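Novice: prediction below, plus the sequence it came from.
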Amino acid sequence: MEQLITPGNITFAIGIVGIIFTIYNYFRKPQEDMEKKQLLVDKEIDSKATILAQKEMENKAALLDQQVKLERELNEKKFADMGCRLDTAMTVAQNHIHTVDTKVDGLIKTINQMSNEVTRIGTIIEERIPKK
């Protein structure tokens with residue numbers, strides 16, 4: 001029987017193991033590279049999605065800020081307009097009150113004059129018509 005462990009057999013076995021390892025690496029290495037690339041792409045997509053979400057939130061916040069400013073300006077304009085209308089209404093009311101006061105004073109003078117005239121006429125009638 002020949003010896004199994006000879007330098008040639010050991011070299012052959014090492015060569016076979018090397019070929020198997022080379023074939024294994026040949027098929028395994030691209031798969032690992034592909035997995036690494038996929039992870040990098042996934043991270044890049046996640047970061048882009050995060051950036052897009054931030055941009056969207058910033059745009060929504062800017063739009064909301066603009067809407068609030070427009071509403072505030074509109075409310076200020078409404079209140080200023082209402083204040084002008086209230087001032088005008090107060091001026092008109094004061095003018096009407098003054099006019100009514102003037103007319104009431106005139107009526108009081110007229111009634112006093114009429115009262116004096118009625119009293120005078122009553123006195124004249126009493127003097128001219130004798131009492132029975």
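Specialist: Right, received. Where do you want to start?
Novice: any low-confidence regions in this structure?
Specialist: For the chain, residues meeting the criterion pLDDT under 70 lie at 1-2, 132.
Novice: mind doing that once more with 50?
Specialist: 1 (pLDDT under 50).
Novice: and the strands in it?
Specialist: Using DSSP state E, no strands are found in the chain.
Novice: that one: helices as residue ranges?
Specialist: Taking DSSP state H, the helices of the chain run over residues 7-128.
Novice: return the backbone torsion pair for Ile129.
Specialist: phi -100, psi 120 (degrees, to the nearest 10).
Novice: need the contact list for it.
Specialist: By C-beta atoms under 8 Å, 6 or more residues apart in numbering, no residues touch Ile129. The way it works is simple: take the backbone N, C-alpha and C, and place the C-beta from them, glycine included.
Novice: could you measure from it over to Glu117?
Specialist: Distance, Ile129 to Glu117, using C-beta to C-beta, to the nearest Å: 18 Å.
Novice: next one: Asn59
Specialist: From Asn59 to Glu117 the distance is 85 Å (C-beta to C-beta).
Novice: repeat that for Leu52.
Specialist: 95 Å.
Novice: what residues sit buried inside stretch 102-118?
Specialist: By 16 or more other C-beta atoms under 10 Å, stretch 102-118 has no buried positions at all.
Novice: stretch 11-18 now?
Specialist: Buried-residue list, stretch 11-18, by 16+ other C-beta under 10 Å: empty.
Novice: send the alpha carbons of that stretch over as PDB?
Specialist: Presented in PDB, the C-alpha positions along stretch 11-18 are these (Å, rounded to 0.1, in the frame of the first residue of the first chain):
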ATOM      1  CA  THR A  11       0.100  19.900  -2.600                       C
ATOM      2  CA  PHE A  12      -2.800  18.500  -4.600                       C
ATOM      3  CA  ALA A  13      -5.100  18.800  -1.600                       C
ATOM      4  CA  ILE A  14      -4.000  22.300  -0.900                       C
ATOM      5  CA  GLY A  15      -4.600  23.200  -4.500                       C
ATOM      6  CA  ILE A  16      -8.100  21.700  -4.500                       C
ATOM      7  CA  VAL A  17      -8.900  23.600  -1.300                       C
ATOM      8  CA  GLY A  18      -7.500  26.800  -2.800                       C
END
